[in-house]
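Asks: Need the 3D shape of this:
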Amino acid sequence: MSSHSSTTAAPATDPAGLTRRKPTPAKEEFFQQGNNGKFLPYIAATHEERYSILDDRASKDRKTLGLGLFKTLGLITVALWICLPIFWGSLYLTLQYLSNLTIYLVDLDTASSGTSAIVGPAFRAMASNSNAMSTKYIDTAHLGYVIRDAANYPRGVYDAMDEVTNKACWGAIVINANATAAWRAALQAGDAAYDPSGSVGIFYQGARYYQIILLYLAPFMIRNARTALQTASSIARSTILASLSSTYTAPSTAPASSQLVTTSLAALQAVPQALATPFGFYQHDLRVQTRWAAAAVFEAADI
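Replies: Below you'll find the model as predicted:
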């Protein structure tokens, strides 16, 4: 009399010894209802029993997986130790070579106002002095400017913004076409709505290389702009005094006497900002860095 075992040996194709079983009648009925009465063969096929990664039967797989992750993490760490010192070491002489970054100076004021312009010539003088430091004071941190032809900017400030966005330069300073004319018109008409901050625009991309742009280039551009605006404001105040006093003589850097501003005390009282701060600037970061987790990837692609 033969006896039958209550367990079935695992098939040869199941070396792990996992049990195989068919769906229960309830599952078969559920599958038939979900497929319009058709019982698909692959649904009824046997399937392996699943178990958690923390199961004792997965101890060998856990060790293999953990060893692979540990090796991968180790290789990434070694690669970072090799690459990061090279990356940060490249910033060692940043200030010495800061003048090699291309900065555009777009003087639309002189092209528009001619010899009566005040702001444009002041910025041109600033740029020339800064460029001269490359030969006189090599070790002194400074910027190098490329003075652009206003004829290449038919759309004005928007063309300069496109050049910065397209990485034709690292930054741009644009003296707007009405920088001097708007100030002179406000004084003559007593326009209280005059806003000095629209005279000059400073543009850059903070996300291109934030260590260089935000920590060095932008602050230097702002400092140089303030220096030029102080010169232009001093000349502008001199022209006001020359128009109010017959005994005051404007400095030689001011426009010719026939081009000096004509105003009165009443008009000057209506627009006091034209005397206190004749000209100003605004700055625009064309691509602000907001994805700090991916900053290194973006910088590597943008440099």
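Asks: ok, now which ones touch the closest residue to Gln205 other than its chain neighbours?
Replies: Leaving out its chain neighbours, the residue that sits closest to Gln205 by C-beta to C-beta, 6 or more residues apart in numbering is Arg287, at 4.3 Å. Where C-beta positions appear, they are placed from N, C-alpha and C, glycine not excepted. Contacts for Arg287 were tallied using C-beta atoms under 8 Å, 6 or more residues apart in numbering; they are Thr165, Gln205, Gly206, Ala207, Arg208.
Asks: The third one and Leu286, how far apart?
Replies: So the one you mean is Gly206. 8 Å (C-beta to C-beta, to the nearest Å).
Asks: so how far is Gly206 from the residue nearest to Gln205?
Replies: Computed with C-beta to C-beta, the distance linking Arg287 and Gly206 is 7 Å.
Asks: all helices for the stretch 1-150 of the chain, in order.
Replies: Under the criterion DSSP state H, counting those that start in this stretch, the stretch 1-150 of the chain carries helices at the ranges 25-34, 41-44, 59-89, 108-113, 119-136.
Asks: What ranges in the stretch 51-200 of the chain fall below the confidence cut-off?
Replies: Filtered on pLDDT under 70, the stretch 51-200 of the chain yields the residue ranges 51, 135-139.
Asks: pLDDT score for Ser243?
Replies: Taken from the predicted model, the pLDDT recorded for Ser243 is 72.
Asks: Give me the number of neighbouring residues for it.
Replies: Ser243 has 19 neighbouring residues, counting by other C-beta atoms under 10 Å.
Asks: Checking my notes, it in a helix, right?
Replies: Yes. Ser243: assigned to a helix according to DSSP: H, G, I helix; E, B strand; the rest coil.
Asks: re earlier: let's have the helices of the stretch 1-150 of the chain in JSON lines, adding distance to Ile53 and mean neighbour count.
Replies: Formatted as JSON lines, these follow (distance: least, C-beta to C-beta, whole Å; neighbours: other C-beta atoms under 10 Å):
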{"stretch": "helix 25-34", "distance to Ile53": "26", "mean neighbour count": "12"}
{"stretch": "helix 41-44", "distance to Ile53": "26", "mean neighbour count": "10"}
{"stretch": "helix 59-89", "distance to Ile53": "6", "mean neighbour count": "10"}
{"stretch": "helix 108-113", "distance to Ile53": "67", "mean neighbour count": "22"}
{"stretch": "helix 119-136", "distance to Ile53": "63", "mean neighbour count": "19"}
